[in-house]
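>>> Quick check, what structure comes out for this input:
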Amino acid sequence: PKRLGLFAYGTLTMDAVMKTLLDRVPPSQPTAAPGWRAAGLPGLPYPGLVRDASASAPGRVYHDLTAREWLVLDAFEDGAYDVAAVALADGQGQQRAVAYVWPAETPALASTWTPDAVDVAAYVSRCGAWRREWEAS
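Numbering: from 1, shown residues only. All right, here's what the predicted structure looks like:
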C-alpha cells in the first residue's frame, strides 16, 4: 500500500516539520479525506484521523516518498497510529492514499484539530530532537 502517496492531515502538512524529518518537502497536492476528521487528541499538539461521516479532513497527499522516508515517518508515528488506505477527494474523482489513522479504541476529542493548536517552532525543535535520537539508535 505504501506505493500510494501519504495523506497528511496534521503536523505533517507543515513544510518545516517535513523538512526537519526528511531533509526535504516531498511533492504534494492539497486534498481532503471525505468521511474522516482530524480530531484533537487529549494533551497532544497533533491530531488523529478518525472516522466521521459528516466531515471531510483537509490535508495534502505527498508523492514519491523513498523507502527511507517511509521508514522515518513510520518510526516517528511510533506505532500509536494504524496505517490504512483512505479514499481522497482530489477534484477529479476518487484517489487513495496511505494515512496514519487514530485507532478506534483510543479516545480522541470531539473537537476538530486546527494548526493554531501547535507552537510550530517548539514542535519543529521537538521533531529535530526526535530525529537525532532516532538516527543515533
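>>> now the strands: where do they sit in this protein?
5-8, 28-39, 48-62, 82-89, 94-101 (DSSP state E).
>>> Check those strands for me and report the most buried one.
strand 5-8 (a mean of 25; mean count of other CB atoms under 10 Å). From N, CA and C alone the C-beta is placed, and that goes for glycine too.
>>> Can you give the strand pairings for that one, parallel or anti for each?
Take DSSP bridges as the rule and strand 5-8 pairs in its sheet with strand 48-62 (antiparallel), strand 94-101 (parallel).
>>> hang on, the earlier thing: save the strands of the chain as JSON lines, and put in mean pLDDT too.
Converted to JSON lines, these look like this (pLDDT from 0 to 100):
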{"stretch": "strand 5-8", "mean pLDDT": "95"}
{"stretch": "strand 28-39", "mean pLDDT": "95"}
{"stretch": "strand 48-62", "mean pLDDT": "95"}
{"stretch": "strand 82-89", "mean pLDDT": "92"}
{"stretch": "strand 94-101", "mean pLDDT": "88"}
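>>> right, and those - which one's nearest residue 112?
strand 28-39 (5.7 Å; CB to CB).
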